[in-house]
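Visitor: Got a predicted structure plus its sequence, pasted below:
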Amino acid sequence: MSGELKWKRILLKLSGEAFAGDKEFGLDGATLSRIADDIAEVRGLGVEIAVVVGGGNIWRGISGAEGGMNRAQADYMGMLATVMNALALQDVLEQKGVPTRTQSAIRMAQVAEEYIGRRAIRHLEKGRVVIFAAGTGNPFFTTDTTAALRAVEIGAEVLLKGTHGGVDGIYTADPRVDSDAVKIDHLSYLEILNKDLRVMDSTAITHSMENDLPIVVFDLMGEGNLRALVEGEAIGTVVS
């Protein structure tokens, strides 16, 4: 190990879109493998890792609602999409020799454990990666909110929000379209809320603020970024 660990227990938030790689929808095997390699590497350093996955590469509840579907029904479909992503990530991690457990907020005993916070903590203490699927189990809540909620419940020291579009943090504008955009190294929770920056939804930011849970927004696909973060390098944007 090249550096001291900054955090012992982390929660990594992955969007479903990240699993699609360069594709518009679905799962990209090479991208899944790359993400799993990063998780396995950090676990090998002694970090306890929990993961919350989105489902936007398969289904987005809000899109279904915009198409006329009942919003709650559309959101439940989105939760099932996150379970598919969680099982895919679990399979790739286990192929790489990483013991992994998937816990679902919706009961489906044949494919995943029921979410129980104390059991999740025990898995982490035993060196297993824990993947949280099916959001909070309730419609109208995003997986960002799930990430903040689960992070606090399991006693994670930080919420790492991985982006996948090549943007390495929060900027004054979208750097992909505005060459004058400047990267911001640190923001307060209130600045995020007051400026409506939409890095994460307001419920997730507020929950993190109320529980003193720092958030780091970083480029998930940047090589070595996850390891560099847990070893204390200044990467991405810190929200605290």
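Guide: Done, it's in.

Visitor: shouldn't Leu87 be in contact with Gln103?
Guide: No - in this structure Leu87 lies outside contact range of Gln103 using CB atoms under 8 Å: 11.7 Å. Every residue, glycine included, has its C-beta placed from N, CA and C.

Visitor: Spell out, range by range, the strands that occur in this structure.
Guide: Assigned by DSSP state E, the chain shows strands spanning 9-14, 48-53, 100-104, 113-114, 129-133, 158-163, 170-171, 183-184, 186-187, 215-219, 237-239.

Visitor: Now mean pLDDT and mean neighbour count too, for the ones you listed, in a markdown table please.
Guide: A markdown table is the format used below for the strands of the chain (pLDDT from 0 to 100; neighbours: other CB atoms under 10 Å):
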| stretch | mean pLDDT | mean neighbour count |
| --- | --- | --- |
| strand 9-14 | 98 | 26 |
| strand 48-53 | 98 | 27 |
| strand 100-104 | 98 | 22 |
| strand 113-114 | 98 | 15 |
| strand 129-133 | 98 | 28 |
| strand 158-163 | 95 | 24 |
| strand 170-171 | 90 | 20 |
| strand 183-184 | 91 | 14 |
| strand 186-187 | 96 | 16 |
| strand 215-219 | 96 | 23 |
| strand 237-239 | 97 | 22 |
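
Visitor: What about Val83, how many residues nearby?
Guide: By other CB atoms under 10 Å, the residues close to Val83 number 23.

Visitor: can you pull the contacts of Gly21?
Guide: Residues near Gly21 by CB atoms under 8 Å, 6 or more residues apart in numbering: Asp28, Ala30, Thr31.
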